[in-house]
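# here is the input, now give the coordinates:
(chains A and B)
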2 protein chains.
Amino acid sequence: MSRKTGIGIIGCGVVGSAVARLILDQGAELSARTGVTLELRHVLVRDLTKTRPLTLPAGILTANHADLLADDQTEIVVELAGGTNQAMAMMLAALHAGKDIVTANKALLALHGPELFAAARSAGRCIAFEAAIAGGTPLVEAVRRGLIANRIDAVYGILNGTCNYILTRMLQDNVGYAHALSEAQRLGYAEADPTLDVDGTDSAHKLALLASLAMQQRCDVQDIPVRGLGDIELADLIAGAELGYVCKLLAVAKRCPDGLDVSVQPTFIPRTHPLAGVLGPFNAVSVYGSVVGHTLFYGPGAGGMPTASAVIADLIDVAIGNARRTFQCIAVLPDQTGPATHRPPGENRMPWYIRLGLRDRPGGIGKVATVLGEQGISIATIVQHESFEADHDDAVPVVVTTRPAKEHALQRALSAMTDLDVVIGRPVWIPVLDKHSE
Amino acid sequence: MSRKTGIGIIGCGVVGSAVARLILDQGAELSARTGVTLELRHVLVRDLTKTRPLTLPAGILTANHADLLADDQTEIVVELAGGTNQAMAMMLAALHAGKDIVTANKALLALHGPELFAAARSAGRCIAFEAAIAGGTPLVEAVRRGLIANRIDAVYGILNGTCNYILTRMLQDNVGYAHALSEAQRLGYAEADPTLDVDGTDSAHKLALLASLAMQQRCDVQDIPVRGLGDIELADLIAGAELGYVCKLLAVAKRCPDGLDVSVQPTFIPRTHPLAGVLGPFNAVSVYGSVVGHTLFYGPGAGGMPTASAVIADLIDVAIGNARRTFQCIAVLPDQTGPATHRPPGENRMPWYIRLGLRDRPGGIGKVATVLGEQGISIATIVQHESFEADHDDAVPVVVTTRPAKEHALQRALSAMTDLDVVIGRPVWIPVLDKHSE
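I've put the predicted structure just below:
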């Protein structure tokens, strides 16, 4: 009763080789479980001579794109090469050749999702992308199908394992950002060039895709304000911990009366929130639905095998015909929905953490408090710390947390603070996740 | 392009009325999102005269089972009446009448799942049961479809919100079990008769179903050793917290070389494990897969609206045809798999927490340590506490944690301890969740 489905993989890097290995090694077991026999027919690479982590049967490896496209028995193309321009061209060519697509390429879907989804729709094919957000965690289908009864009010995501590993490590080992980053690179949790991870770009790609799906509004990546880990110091993680907060690079999409609030930025999360317990390279997404309330999905956000787990799930779903029906029936993808209405910038209202260096002289705290008061910002806590750094002998670190206030009021207050003669340097500011009603 | 699907609901209690309300109030929105128009045709109740939380359109409410069965336009029957005998008969009748089934009835599926699934299969119908485990959390489809590439090595679940609420409340408010239970009842988190929740039966039903699905072995509820909350005292929660543990009623199914290890019992979880952060009435399940590693699913485990969220997801999945394909293709349900091989009782090896009352005289701790040593059990920590209770003036509470040891060795040691003249009463023992490699 087994149905054979031909597979072509584009790319044989960490994820591509993991998918190929699973199909080759566990194909029989998968077939017994699902009635689908995945047949690996092609693996497309740029350079045939390169050494690879696995040996493929003869005739599978090819450098010729046409081998996949012309093969009628290759029904599903798995795009795992990454990048955007060439991947886009290959995906469109595969759709035109009548193939369904499975991909983990979040950058491509964030930038060109609407066009690709529309192309798949007009070709009568589907694009499955479980692996593109939160790696192996089955989040996409949970949001799209499992929570279909809900209007999603908010998603809060830890979507980049590299950043979460660095933040976890800094606090656990009492080390600075640079040291934690090099540890992450040594252990394979960060790339040699980690820029797109630590500057928040990767999280923004995933958020654009996730927010579009969850909010059923087309959310473009260029409309997401992004702040990376660059400004975060160990001093802030320690001061936050004293206040009961854990810092995460948080991707947020929240439905507000005046539009969608989306952002990627380091955020303090109260220790009692389940996202605060997400440590190391793990990802997690809190989803608040109008009917279900709070749900959370946790798992490895990257890595060859975890990502391959999601790719294989999509392959089975496409092969038995469910993925195409979901793609056709459930009208939540960004080629089907209107563009997002974004909340005007600066209007997001939340509590804030501020750390500043104060000259050790009378009246300093009073001036800072006055500046906040002038912007209508109430202080929740104020703590004067021991000096964090030896080379600022006359600077006293002061940590202030505020009651919920709008970001533009905060930014005006920060500018005014910077101009105060008692303040040394520019204050550090981090938003605090306000309690979402459960 | 909308497809109309007729729905009959059996039962109009908390969940039944929530489902009916969602179909009536949000049907148009759902239809726009999914292409499926759910048409509520019947709500079957025992007593037509009873006051209900919602007003149904004329002609919907009926006390006559035949109204549902004879109506060809009722394509899906939603069984939400609970109970087992009558629900079983009604479900079989609905299947024979050509209806698909959606249900939240974990007790029925735990006790008669294989028979019901087989009946659905031979009738060419399907049974969808997302709502039967972990309420609104889309766990069933995540395990069945999202993690299909994996051999599941272990599931650890907090599956009963009442118990989790009680345990959370005891520690947070420093109150005893009885007080926390009455608070749970007052707030609607516990039934007037909470027996099946607090004695672990409800968790065992859910575990039987979840373990069967995840392990792909038919796991019968009578083979699950169950221990409820009855023995747990505030003193243990406090002593555990000092050791870095949080107590949860944990449902476990774990693949071991000598068979499946399944149980429901109060268990100490290290505070760094994400399950430890699951507070109040929430449920969560950690799933360890051979390919993906550790994933976790969190959400409300009960309540009308959360459960209705899962029921509606199933209804859409059945209506568009995906549920039936999943039911037919993915061979993981307990009518399709062999019976579980269980690990022999007493063979489970884990660290243990022991609390005992010691007479305040020299040599006591030495005798206890000797008894453990005789059973080959190593002590990890030993703490002599201040007396927890005022009425045992001569008893000194001692808390011991052990290195991993087999349960039958522990039980022999506990018996021998109870016989010691220095030990007052019977020692309390709680297993500690050993770190599962991530």
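
# in stretch A:183-195, what counts as buried?
A:183-184, A:189-190, A:194 (16 or more other C-beta atoms under 10 Å in any protein chain shown). Yep, even glycine has a C-beta here, placed from its N, CA and C like the rest.

# state the pair within those residues that is farthest apart.
Farthest apart among the buried residues of stretch A:183-195 by C-beta to C-beta are A:183 and A:194. That separation is 11.8 Å.

# for chain B, what are the nearby residues on the stretch 51-200 of chain A?
A:130, A:136-138, A:141-142, A:145-151 (C-beta under 8 Å from any C-beta of the partner chain).

# now, which of these sits nearest residue A:359?
Using C-beta to C-beta, these come closest to residue A:359 at residue A:137, 48.0 Å.

# now that closest one, what are its backbone angles?
The phi and psi values for residue A:137, taken as degrees, to the nearest 10, are phi -70, psi 130.

# now it: how far from residue A:126?
Using C-beta to C-beta, to the nearest Å, residue A:137 is found at 21 Å from residue A:126.

# what does residue A:42 give?
For residue A:42, the distance to residue A:126 - C-beta to C-beta - is 20 Å.

# and for residue A:336, the neighbour number?
15 (other C-beta atoms under 10 Å in any protein chain shown).

# not counting its neighbours along the chain, what's nearest it?
residue A:117 (7.7 Å; C-beta to C-beta, 6 or more residues apart in numbering or on different chains).

# secondary structure element for that neighbour?
Residue A:117 is part of helix A:106-122 when elements are defined by DSSP states H and E.

# which among the buried residues of stretch A:183-195 gets closest to chain B?
Closest to chain B out of the buried residues of stretch A:183-195 is residue A:189 (12.8 Å), distances taken as C-beta to the nearest C-beta.

# pLDDT value on residue A:191, please?
pLDDT for residue A:191: 86.

# looking at this, it is in a strand?
No: residue state for residue A:191 (DSSP: H, G, I helix; E, B strand; the rest coil) corresponds to coil; a strand is not indicated.

# picking that back up, for the helix holding residue A:117, the distance to its chain's centre please.
18 Å (C-alpha atoms, centre = their mean, to the nearest Å).

# which strand residues bridge the nearest residue to residue A:207 once chain neighbours are set aside?
With sequence-adjacent residues excluded and distances taken as C-beta to C-beta, 6+ apart, residue A:207 is closest to residue A:251, at 4.0 Å. Under the criterion DSSP bridges, residue A:251 forms beta bridges with residue A:157, residue A:264.

# could you report the separation of residue A:251 from residue A:302?
15 Å.

# and the nearest residue to residue A:344 once chain neighbours are set aside, how many residues sit next to it?
Nearest residue to residue A:344 in three dimensions, chain neighbours excluded: residue A:258, at 6.8 Å (C-beta to C-beta, 6+ apart). Residue A:258 is flanked by 10 other residues according to other C-beta under 10 Å.

# just checking, residue A:258 touches residue A:347?
Yes: between residue A:258 and residue A:347 there is a contact at 6.3 Å, judged by C-beta atoms under 8 Å.

# residues touching residue A:128, list them.
A:100-103, A:314, A:317-318, A:323, A:327 (C-beta atoms under 8 Å, 6 or more residues apart in numbering or on different chains).

# now those residues as a markdown table including pLDDT and secondary structure?
Formatted as a markdown table, the contacts of residue A:128 follow (pLDDT from 0 to 100; DSSP: H, G, I helix; E, B strand; the rest coil):
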| residue | pLDDT | secondary structure |
| --- | --- | --- |
| A:100 | 98 | strand |
| A:101 | 98 | strand |
| A:102 | 98 | strand |
| A:103 | 98 | strand |
| A:314 | 98 | helix |
| A:317 | 98 | helix |
| A:318 | 98 | helix |
| A:323 | 98 | helix |
| A:327 | 97 | helix |
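
# nearest to residue A:230, of those?
residue A:103 (29.7 Å).

# beta partners of that closest one?
residue A:79.

# so it sits against residue A:127, correct?
Yes: using C-beta under 8 Å as the test, residue A:103 is close enough to residue A:127 to be in contact (6.7 Å).

# quick one, phi psi at residue A:399?
phi -110, psi 130.

# would you check how far apart it and chain B are?
25 Å (C-beta to the nearest C-beta, to the nearest Å).

# please apply the same query to residue A:212.
14 Å.

# that residue: how many residues sit nearby?
27.

# please apply the same query to residue A:99.
26.

# what residues are up against it?
Contacts of residue A:99 by C-beta under 8 Å, 6+ apart are A:8, A:68-69, A:74-77, A:125.

# can you give me the strands in the stretch 201-350 of chain A?
A:245-256, A:259-270, A:282-289, A:293-300, A:349-350 (DSSP state E, counting those that start in this stretch).

# mean pLDDT for those: which is lowest?
When I compare the strands of the stretch 201-350 of chain A, strand A:349-350 is least confident, with a mean of 93.

# which strands or helices does that one pack on?
Applying 3 or more C-beta pairs under 8 Å, 6 or more residues apart in numbering or on different chains; DSSP states H and E, one finds that strand A:349-350 makes contact with strand A:405-406.

# how does it look with 10 Å?
strand A:259-270, strand A:405-406, helix A:407-419 (3 or more C-beta pairs under 10 Å, 6 or more residues apart in numbering or on different chains; DSSP states H and E).

# so where is chain A shaky, pLDDT-wise?
Along chain A, the model assigns pLDDT under 70 to residues A:1, A:385-393, A:437-438.

# recalculate using a threshold of 80.
Scanning chain A for pLDDT under 80 picks out A:1-2, A:385-394, A:435-438.

# so which residue is dead centre in chain A?
residue A:159 (2.9 Å; C-alpha atoms, centre = their mean).

# these two touch, right, it and residue A:203?
Yes: assessed by C-beta atoms under 10 Å, residue A:159 is found in contact with residue A:203 at 4.5 Å.

# any residues in contact with both of those two?
A:106, A:210, A:249-251, A:264, A:283, A:301 (C-beta atoms under 10 Å, 6 or more residues apart in numbering or on different chains).

# next, format the residues you listed as CSV and append distance to residue B:338 and neighbour count.
CSV is the format used below for those (distance: C-beta to C-beta, whole Å; neighbours: other C-beta atoms under 10 Å in any protein chain shown):
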residue, distance to residue B:338, neighbour count
A:106, 40, 26
A:210, 39, 28
A:249, 46, 27
A:250, 45, 23
A:251, 44, 31
A:264, 48, 29
A:283, 35, 28
A:301, 35, 30
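
# chain B: which of those is nearest?
residue A:283 (10.0 Å).

# ok, residue A:144 - contacts?
With C-beta under 10 Å, 6+ apart, residue A:144 has these contacts: A:130, A:213-214, A:326-327, A:330, A:332-333, B:138, B:313.

# now the residues you listed in TSV, with distance to residue B:384 and neighbour count?
Shown next, in TSV, are the contacts of residue A:144 (distance: C-beta to C-beta, whole Å; neighbours: other C-beta under 10 Å):
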residue	distance to residue B:384	neighbour count
A:130	53	30
A:213	56	25
A:214	53	29
A:326	60	24
A:327	63	21
A:330	60	21
A:332	59	20
A:333	62	25
B:138	47	31
B:313	53	29
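
# now intersect those residues with the helices, please.
A:213-214, A:326-327, B:313 (DSSP state H).

# nearest to residue A:163, of those?
Taking these together and measuring to residue A:163 by C-beta to C-beta, the closest member is residue A:214, at 20.9 Å.

# the closest residue to that closest one other than its chain neighbours pairs with what?
Excluding its sequence neighbours, the residue lying closest to residue A:214 (C-beta to C-beta, 6+ apart) is residue A:152, at 4.2 Å. For residue A:152, the beta-bridge partners under DSSP bridges are residue A:289.

# okay, residue A:152 and residue A:409: tell me how far apart.
For residue A:152 relative to residue A:409 (C-beta to C-beta), the value is 28 Å.

# can you check residue A:159 too?
28 Å.

# same check, this time on residue A:97
55 Å.

# that's all I had, so thanks and see you.
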